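[1] I'd like to go over a predicted model; first the sequence, then the structure.
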Amino acid sequence: MKVLVVDDCPTMISIIKGLLVTLGHSDIDIATSGKQALKRIRQKRYDIVFTDWNMPGMSGIELVEIIRGDEKTKDQVIIMVSAETGKDHIHQVEQYVIDDFIAKPLNRKTLQEKITKAISRKSEARDELIKLCHDRIKQRLKDRVAREETRNRLKEYEASQRTQKKAAAVTSSQQSAAHQTRSKDETSASVVTPEIAAEQKEREENRLKELGEVRKVEQKNAAADEKTMLDALKNIKL
């Protein structure tokens with residue numbers, strides 16, 4: 001765990017750092033002023049910042065106000081350390097959204113309890129953020145599937161229209177060919193010559209070829225629809 005201790009008193013820094021070491025924490029940085037603390041916080045991300053209340057130049061409250069006002073550091077876990085325990089001070093702790101408060105003199109047990117509490121809050125906030133992100137991703141996947149379904153229905157409709165038009169054209173062609181055949185048959189007094197037989201065979205072959213093309217289009221559309229549905233199901237499982 002990365003910790004920053006901010007205090008203008010070297011003795012208090014030694015006390016807090018010593019207690020943290022006994023609790024198993026070794027990644028500890030120190031700052032002897034608010035300005036120095038800001039510089040460190042902007043260069044390195046800390047799990048917890050312990051700051052004194054009364055410091056010359058920039059007080060602990062002023063330091064907290066700047067941290068909370070910066071988009072990059074506004075979520076920093078901060079524990080205020082002070083000998084001041086009056087109601088006005090407690091009110092300011094709540095007003096500036098300070099994560100916790102420790103009254104001097106410190107002891108090992110209290111310090112451990114405050115650290116555990118602060119880390120627990122941070123973990124809960126992280127879990128809530130993860131859940132929010134998961135819900136948003138899930139909703140985006142649902143929206144994507146819905147859009148795919150809409151596009152597929154539109155494709156099916158367009159394919160159906162094309163098939164119907166093509167079938168109608170084939171039917172019209174067949175009717176026209178049949179009419180021409182009847183006319184020729186009547187003209188030739190029902191005599192089917194080799195030339196007429198060859199022409200009829202050619203028309204029949206063309207008709208079968210057109211019907212085959214229609215079936216291929218229908219099979220291709222069905223395969224495309226099946227692939228689209230499988231892709232959509234895969235996306236939902238993600």
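    The structure has been received and is ready for your questions. Keep in mind it's a predicted model, so treat the numbers as computed, not measured.
[2] which regions of the protein lie under the pLDDT threshold?
    85-94, 96, 122-138, 141, 178-179, 181-193, 214, 222, 225-226, 228-238 (pLDDT under 70).
[3] Correct me if wrong, but Arg140 is in a strand.
    No: assessed by DSSP: H, G, I helix; E, B strand; the rest coil, Arg140 does not belong to a strand; its assignment is helix.
[4] Can you give me the distance of it to Arg147?
    Distance, Arg140 to Arg147, by Cβ to Cβ, to the nearest Å: 11 Å. To be clear about C-beta, it is placed using only N, CA and C from the backbone, and glycine gets the same treatment.
[5] Could you pull out the buried residues of stretch 170-179?
    By 16 or more other Cβ atoms under 10 Å, the buried positions in stretch 170-179 come out as Val170, Gln174, Ala177.
[6] My understanding was that the second one contacts Arg207; is that so?
    Yes: when contacts are counted by Cβ atoms under 8 Å, Gln174 is listed as touching Arg207 (5.9 Å).
[7] per-domain residue ranges of this protein.
    The record's domain parsing of the chain by automatic domain parsing lists 3-106, 134-237.
[8] For stretch 158-174, give me every contacting residue.
    Stretch 158-174 has contacts (Cβ atoms under 8 Å, 6 or more residues apart in numbering) with Arg207, Glu210, Leu211, Glu213, Val214, Val217, Glu218, Asn221.
[9] one more time with 7 Å
    Arg207, Glu210, Leu211, Val214, Val217, Glu218, Asn221 (Cβ atoms under 7 Å, 6 or more residues apart in numbering).
[10] List the residues that contact the third one.
    Pointing back at Leu211 there. Val170.
[11] Please settle this for me: is Arg153 part of a strand?
    No: in this structure, Arg153 is helix, not part of a strand, as judged by three-state DSSP.
[12] Can you give me the neighbour number for it?
    11 (other Cβ atoms under 10 Å).
[13] Would you mind measuring from it to Glu195?
    From Arg153 to Glu195 the distance is 50 Å (Cβ to Cβ).
[14] Same check on Val170?
    25 Å.
[15] What is the neighbour count of Gln95?
    By other Cβ under 10 Å, 11 other residues sit near Gln95.
[16] Now do the contacts for it.
    Per Cβ under 7 Å, 6+ apart, neighbours of Gln95: none.
[17] now swap in Ile48 and tell me
    Here Ile48 is in contact with Val3, Val77, Ile79, Ile115, Ala118 (Cβ under 7 Å, 6+ apart).
[18] Apply 8 Å and report the result again.
    With Cβ under 8 Å, 6+ apart, Ile48 has these contacts: Met1, Lys2, Val3, Leu4, Val77, Ile78, Ile79, Ile115, Ala118, Ile119.
[19] Could you tell me which of those count as buried?
    Using 16+ other Cβ under 10 Å as the threshold, Val3, Leu4, Val77, Ile78, Ile79, Ile115, Ala118 are the buried ones among the contacts of Ile48.
[20] Tell me the bridge partners for the first one.
    This points to Val3. Beta-bridge pairing for Val3 (DSSP bridges): Ile28, Ile48.
[21] Perfect, I'm done here.
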